[in-house]
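> This is the structure alone, sequence omitted:
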């Protein structure tokens, strides 16, 4: 059936969307004509911002969001990259499956901390901040939030990194850009205080990680906390596509699988 043969929608009032629509002679995205108002005018970063927030970003917001996306795109042969490459090894005809495999592991340890940190900071400000963003108030918020996590036996999102144990090289640059664009808001400032408070309480210094700083920066730039992990996935998708392009040209997945098979020791059940 052609699009023009489809019946005119006559659904309930709740059955609606403002993201996009297609008609026989028109495609609309975010309420705008796709070829006439979007293509060639908005970048992918700007379009993602528009679709999520319903408004175009300022130049500063665009620069900040873009910097975070770039910072999260690829970090080498990480678990997500290996999952994608190994899936591609088994199903090279399904690029989309390999990309999806790489994204499915976005959780509390890898990639997910971007969204976890954003939600942690936003919740702390919402429940304890009472609208105050001076340093003294933010420190009280940090103290209460860190103490609550410690009592619950939970790690503090945004702190620590398995590789960058002293300093994550992305963090200083994100704070620098935020200051330049006047977007050094309460979430980024609170994250700095969270790191200080955590060190004071535990005697152990954990650096702010790039994923956490990226999550704080996205919220300060106007992205809703609940959508932050999605932006991290947008970023990592670009890196995974590159990983798979390299896998097609210079495959390592089969060799990795064979090496693991050779090294694994079989131990029968007791």
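The structure has been received and is ready for your questions. A quick note: this is a predicted structure, and the numbers were derived from the prediction, not measured. Residues are numbered from 1 along each chain as shown.

> and the protein, what are its domains?
3-41, 58-255 (automatic domain parsing).

> can you list contacts of the longest helix seen in the chain?
As assigned by DSSP state H, the longest helix anywhere in the chain is helix 228-249. The contact list for helix 228-249, computed with C-beta atoms under 8 Å, 6 or more residues apart in numbering, reads 48, 52, 65, 68-75, 80-81, 84-85, 88-89, 92, 95, 98-99, 102-103, 106, 111-112, 114-116, 118-119, 211, 214-215, 218-219, 223, 253. Any C-beta I mention is one placed from the backbone N, CA and C, and that applies to glycine too.

> can you map out the strands along the chain?
All strands of the chain, identified by DSSP state E, fall at 20-23, 26-29, 32-33.

> Point to the residue nearest the middle of this structure.
What sits nearest the mean C-alpha location of the chain, by C-alpha atoms, centre = their mean, is residue 232, with 1.9 Å.

> For it, which non-adjacent residue is spatially closest?
Among residues not flanking residue 232 along the chain, residue 114 sits closest, at 4.1 Å (C-beta to C-beta, 6 or more residues apart in numbering).

> in the stretch 51-200 of the chain, which ranges drop under the pLDDT threshold?
129-132, 161-166 (pLDDT under 70).

> returning to what we had before: among the contacts of helix 228-249, name the ones in helices.
Short answer: the contacts of helix 228-249 in helices (DSSP H) are 48, 52, 65, 68-72, 80-81, 84-85, 88-89, 95, 98-99, 102-103, 114-116, 118-119, 211, 214-215, 218-219, 253.

> For residue 183, give its distance to residue 65.
Per C-beta to C-beta, to the nearest Å, residue 183 is found 10 Å from residue 65.

> next one: residue 58
Relative to residue 65, residue 58 is positioned 10 Å away (C-beta to C-beta).

> Name the residue in those two with the higher neighbour count.
Applying other C-beta atoms under 10 Å to residue 58 and residue 65 shows that residue 65 carries more neighbours, namely 26 against 15.

> Name all residues that make contact with residue 217.
For residue 217, counting by C-beta under 8 Å, 6+ apart, the contacting residues are 64, 67-68, 174, 177-178, 183, 187-188.

> still on that earlier bit, and the longest helix of the chain, what's buried?
228-236, 239-241, 243-244, 247 (16 or more other C-beta atoms under 10 Å).

> who's in contact with residue 189?
Counted by C-beta under 8 Å, 6+ apart, residue 189 has contacts 133, 135, 138.

> So the last one sits against residue 190, correct?
Yes. Look at residue 138 against residue 190 with C-beta atoms under 8 Å: they come within range, at 5.2 Å.

> Neighbour count for those two, which is higher?
Using other C-beta under 10 Å, the more surrounded residue of residue 138 and residue 190 is residue 190, with 27 against 23.

> I'd say that one and residue 141 touch.
Yes. Applying C-beta under 8 Å, one finds residue 190 in contact with residue 141, separated by 6.3 Å.

> quick revisit: how about the contacts of residue 189 in TSV, adding distance to residue 27?
Formatted as TSV, these follow (distance: C-beta to C-beta, whole Å):
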residue	distance to residue 27
133	42
135	49
138	45
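
> Which members of the residues you listed are positioned in helices?
135, 138.

> tell me which of the contacts of residue 189 is nearest to residue 152?
residue 138 (21.4 Å; C-beta to C-beta).

> hmm, back to that, out of the contacts of residue 217, the closest to residue 14 would be?
residue 187 (32.7 Å).

> Which neighbouring residues are in contact with that closest one, exactly?
118, 121-122, 125, 215-217, 219-220.

> Nearest residue to it in space, please, no chain neighbours.
Residue 187's closest residue in space is residue 216 (C-beta to C-beta, 6+ apart), at 4.1 Å.

> Tell me, how many residues neighbour the nearest residue to residue 104 once chain neighbours are set aside?
Of all residues not flanking residue 104 in the chain, residue 83 sits nearest, at 7.3 Å (C-beta to C-beta, 6+ apart). By the criterion of other C-beta under 10 Å, residue 83 has 20 neighbours.
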